[in-house]
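Visitor: Show me the folded form of this:
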Amino acid sequence: MNCKWTLMGLTLILTSCSMSDDPVHQRARHIQKMKGDIVIGIAASKDPLELPLWMGMELAVKEINAAGGIMGRRINAISQNDKDSVAEALDIASSLGANLDVSAVIGHTTSYISVPASVVYEYFGIVMVSPSASTPVLTKRGLKHVFRIVPSDEETGKCMADFCLKQGYRKVMIYHVNNNYGIGLANSFQTSAHRVGVQTIDRRWYPDNSSDTEAFISDLKYWNTLFSFDAIFLAGELPHAGVVIAEARKLGINVPVLGGDGLCDDSITDIVGVSAKDIFAAFVFDLESANPVSRSFVERFTKEYNHPPTDSAAKGYDAVMVLAEAVKKGNSAVPKKIVEALHSLTNYVGVTGPNIFDEKGDVMGKPIIIMSLEDGRFKKVTDSQKLRESRQPRKSPQ
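Guide: A predicted model of the protein is given here:
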C-alpha cells in the first residue's frame with residue numbers, strides 16, 4: 001500500500017513539474033508578472049509587394065500607442081523579415097519562442113510558410129494571428145493558438161465558382177502554383193465548380209517561385225491550340241501570376257482570368273499593363289466602402305503615407321487591431337487569455353469586416369468582395385452587373 005501511494009505521489013510530482021516547466025506554462029507565468037510593454041512579433045516578407053501590409057501593421061501599432069496603449073501599456077513590436085523562406089520563418093518562430101516576453105505574433109502572410117511556422121508558435125504557446133494565410137490546412141490541425149482574419153480558400157473557391165456560374169463562364173481552365181495556397185484554392189474551386197455545374201476542362205500547375213516563362217507559355221499554347229473555354233481560374237500569387245496573365249494575353253487568350261487574394265494588388269498593372277481588363281480577384285477590403293470604420297481608416301492611412309491603402313494594408317491593420325481588442329477584452333497579455341478573448345468576440349468590426357472566430361480559429365461571416373481590374377485599378381463588381389452572355393468562348397482551331 002505504502003509503495004503504491006509513493007509511486008502515485010511521484011507520478012503526480014513528475015507530472016506537475018513537466019506541466020510547469022513546459023514552454024506554454026513558462027511563458028504564461030512570465031507574462032503574468034510583466035508590467036512593461038506588451039511584446040508582439042510581426043513576421044512577414046519585406047519584399048516590395050508586401051510593403052502595404054507592413055504599412056498597415058505599423059500604422060495600427062502607432063495609433064494604439066498614441067492612444068495610451070492597452071491597459072496603459074505600450075505595444076513593443078519586434079519586426080522580422082521571413083524573406084518568403086520557410087527556413088527563415090522557422091528560425092524567426094524559434095527566436096520569438098525563446099523570448100518569454102512575446103505574447104503573440106502577427107504573421108505570417110503566405111500559406112506555405114504559415115503552416116510550418118504555426119507549429120512552432122503552438123509549441124511555445126504564442127498566439128498567431130495571420131493577416132492573409134488562407135489554406136484550410138492552417139486551422140485544421142487542432143492548434144489552439146492559431147487564428148486568421150481572412151476567409152479560407154474553401155470559401156474563396158466557392159465564391160468564385162458561384163461567380164463563374166452567374167457570369168456565364170461554363171467552361172473553365174485551372175492553373176495554379178504548386179504550393180499550399182495554389183493547390184488548396186484550386187481544389188476548392190474545382191470542387192465547388194463541379195457542384196454548381198461549371199466544367200473544369202483542364203488543370204495544370206507551375207512551380208513555386210518559378211521565373212521560367214517558357215513553362216507558362218508552353219501550357220498556355222497547349223490550351224490555346226486544343227481547347228475551347230470561357231475563363232481561366234488562376235490560383236497563384238504576384239508577381240508570377242501576373243506574368244501568366246501577360247503571357248496569355250500575348251498569345252491572344254483574352255478570356256476572363258479569375259483568382260483569389262493572390263492577385264489583390266493594383267501593382268499587377270506593372271506586369272499586365274494599365275489597359276488590362278477582365279481580371280477578377282477576391283478581396284476583403286473595399287476602398288470605396290461607405291462603412292464609417294473603413295472610411296476613417298482610408299483617410300488616416302492616406303494622410304500617413306500619401307496614398308490610399310490596399311487590400312493587403314487593410315489586412316495588416318486589422319490583424320493588429322483584432323489582437324489589441326482581444327488583449328483589452330481579456331484584460332491580459334497572457335496568451336491563454338488572449339485566445340479565450342478572441343473566441344469570445346461577437347461584435348468587433350474592423351476595416352475588413354467582422355472578426356468573429358470559430359473554435360478552429362477561422363474568421364466567420366467575413367464577406368468576400370469580387371473586384372474587377374478597370375483602368376489600372378481594382379473596382380468592386382456590383383450585384384447589378386449584367387451577365388456577360390455576349391462574350392463567346394475562345395474557340396479551338398478546327
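Visitor: Poorly predicted segments of the chain, please.
Guide: 1-20, 210-211, 382-398 (pLDDT under 70).
Visitor: ok, which stretches of it are helices?
Guide: Shown for the chain, the helices assigned by DSSP state H span residues 2-21, 23-33, 51-66, 86-98, 111-124, 153-167, 180-196, 213-226, 240-250, 269-272, 292-305, 311-330, 335-344.
Visitor: buried residues in stretch 78-98?
Guide: 78, 80-82, 84, 86, 88-90, 92-93, 96-97 (16 or more other CB atoms under 10 Å). Every C-beta, even on glycine, is put in place using the N, C-alpha and C of the backbone.
Visitor: ditto for stretch 262-274
Guide: Quick answer for stretch 262-274 (16+ other CB under 10 Å): 262-266, 268-269, 271-272.
Visitor: next one: stretch 160-172
Guide: Quick answer for stretch 160-172 (16+ other CB under 10 Å): 160-165, 167, 169-172.
Visitor: Stretch 220-236 too?
Guide: Quick answer for stretch 220-236 (16+ other CB under 10 Å): 220, 223-224, 229-236.
Visitor: Next, the distance between the ends of it.
Guide: 15 Å (CA to CA, to the nearest Å).
Visitor: how far away is Glu374 from Ser275?
Guide: Separation of Glu374 from Ser275 (CB to CB, to the nearest Å) stands at 10 Å.
Visitor: OK, contacts around Asp318?
Guide: 56, 60, 131, 149, 350-352, 355 (CB atoms under 8 Å, 6 or more residues apart in numbering).
Visitor: distance of the closest residue in space to it that isn't next to it in sequence from Glu325?
Guide: In space, and not counting its chain neighbours, Asp318 is closest to Gly350: 4.0 Å by CB to CB, 6 or more residues apart in numbering. As defined by CB to CB, Gly350 lies at a distance of 8 Å from Glu325.
Visitor: neighbour-wise, which of these two wins?
Guide: Gly350 (25 against 17; other CB atoms under 10 Å).
Visitor: Show me what the more buried one is bridged to.
Guide: Gly353 (DSSP bridges).
Visitor: got the domain boundaries for the chain?
Guide: Split into domains by automatic domain parsing, the chain comes to 11-151+290-366, 154-283+371-380.
Visitor: which residues does the residue nearest the centre of the chain contact?
Guide: In the chain, the residue lying closest to the centroid (CA atoms, centre = their mean) is Ser132, at 1.4 Å. Ser132 makes contacts with 53, 109-110, 148, 150, 261, 312, 315, as judged by CB under 8 Å, 6+ apart.
Visitor: neighbour-wise, which of Glu374 and Ser275 wins?
Guide: For Glu374 versus Ser275, neighbours defined as other CB under 10 Å are more numerous around Glu374 (13 against 10).
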